[in-house]
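Engineer: My questions concern the predicted model and sequence given below.
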Amino acid sequence: MLSIDPTTNTERENYKFLIGSIIPRPIAFVTTVSKDGVLNGAPFSYFNIVSSNPPMISLSIQRSEGRQKDTTRNIIDSKEFVIHIVDEQNVEKINKTAATLPPNQSEIELGKLTPVKSEKISVPGVKEAKIRMECILEHSLELGGLDSPGCDLIIGKVVQFHIENDLYKNGRIDPKGLAAVSRLAGTNYAKIGEIFSIERPN
């Protein structure tokens, strides 16, 4: 078995070890609004649950040469954002929004996605997601980097869920109906495969 000290690696080498090892990763498509009113959208796979009481999620948004991404800047400025679950039906449109655009251009228009008004926050979501969550910023934290932060950890509290009617049955979300996709390394994605159950010990 290989045994590697990450301090002897470059940032790229550590990145490849992490994205190749921690799979599959759920994908959040995040919408935010800039100070100039531009609706921004971007996908992130460093995304997960933090708590159910209250419902909170986390996003880790990597910096490029120490510079914050538009999504981070918009969340910190407005304190609001919308999380969408990426699925088999919307993944190709969402993938287009990963393009690097200047802050005054909207990835929502590039991906031909349809903005939809939120109920409790001012940031719109997009219609093409089966599940979306309106969030307010709970915490933001600069992490990593030798000379400057390497990423921004965002903790958001969910203030409103939106779930397609057909997905919600007997208090549970149908995983097959949701058909969420996840990120692997490189350009690869994964679909929900075989589902199996194991009883938990008492």
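Structural biologist: Happy to help now that I have it.

Engineer: pretty sure residue 186 belongs to a strand, no?
Structural biologist: No. Read with DSSP: H, G, I helix; E, B strand; the rest coil, residue 186 is coil and lies in no strand.

Engineer: Tell me how far it lies from residue 19.
Structural biologist: Note on residue 186: its distance to residue 19, by C-beta to C-beta, to the nearest Å, is 8 Å. In short, each C-beta sits where N, CA and C put it, glycine included.

Engineer: The two - which one has more neighbours?
Structural biologist: Taking neighbours as other C-beta atoms under 10 Å, residue 186 and residue 19 compare with residue 19 leading, 17 against 9.

Engineer: Have a look at the protein and report its longest helix.
Structural biologist: In the chain, taking DSSP state H as the definition, the longest helix is helix 11-21.

Engineer: So in that sheet, which strands flank the helix or strand following that helix, and in what orientation?
Structural biologist: Later in the chain than helix 11-21, the nearest helix or strand by DSSP states H and E is strand 25-26. Looking at strand 25-26 with DSSP bridges, its partner strands are strand 181-183 (antiparallel).

Engineer: Tell me what the residue nearest the centre of the chain is bridged to.
Structural biologist: Against the mean C-alpha coordinate of the chain, by C-alpha atoms, centre = their mean, the closest residue is residue 28 at 2.4 Å. Assessed by DSSP bridges, residue 28 has beta-bridge partners residue 44, residue 85.

Engineer: Can you tell me how far it is from residue 35?
Structural biologist: In terms of C-beta to C-beta, residue 28 sits 22 Å off from residue 35.

Engineer: what do you get for residue 155?
Structural biologist: Residue 155 is 22 Å from residue 35, by C-beta to C-beta.

Engineer: next one: residue 124
Structural biologist: In this view, residue 124 and residue 35 are 16 Å apart by C-beta to C-beta.

Engineer: More neighbours: which of these two?
Structural biologist: Neighbour count, other C-beta under 10 Å: between residue 124 and residue 35, residue 124 has more, with 20 against 10.

Engineer: and the more buried one, what are its phi and psi?
Structural biologist: Backbone torsions of residue 124, given as degrees, to the nearest 10, read phi -70, psi 160.

Engineer: In contact with the residue nearest to residue 16 when sequence neighbours are not counted: list those residues for me.
Structural biologist: Beyond its immediate neighbours in the sequence, the residue positioned closest to residue 16 (C-beta to C-beta, 6 or more residues apart in numbering) is residue 185, lying 6.9 Å away. By C-beta atoms under 8 Å, 6 or more residues apart in numbering, the residues touching residue 185 are 16, 19-20, 23.

Engineer: What is the nearest of those to residue 67?
Structural biologist: Distance ranking of the contacts of residue 185 against residue 67, using C-beta to C-beta, places residue 19 first at 20.8 Å.

Engineer: any idea how far residue 183 is from the closest one?
Structural biologist: Applying C-beta to C-beta, the value for residue 19 to residue 183 is 8 Å.

Engineer: Now do the shared contacts for those two.
Structural biologist: Taking C-beta under 8 Å, 6+ apart as the contact rule, residue 19 and residue 183 both touch 25, 45.
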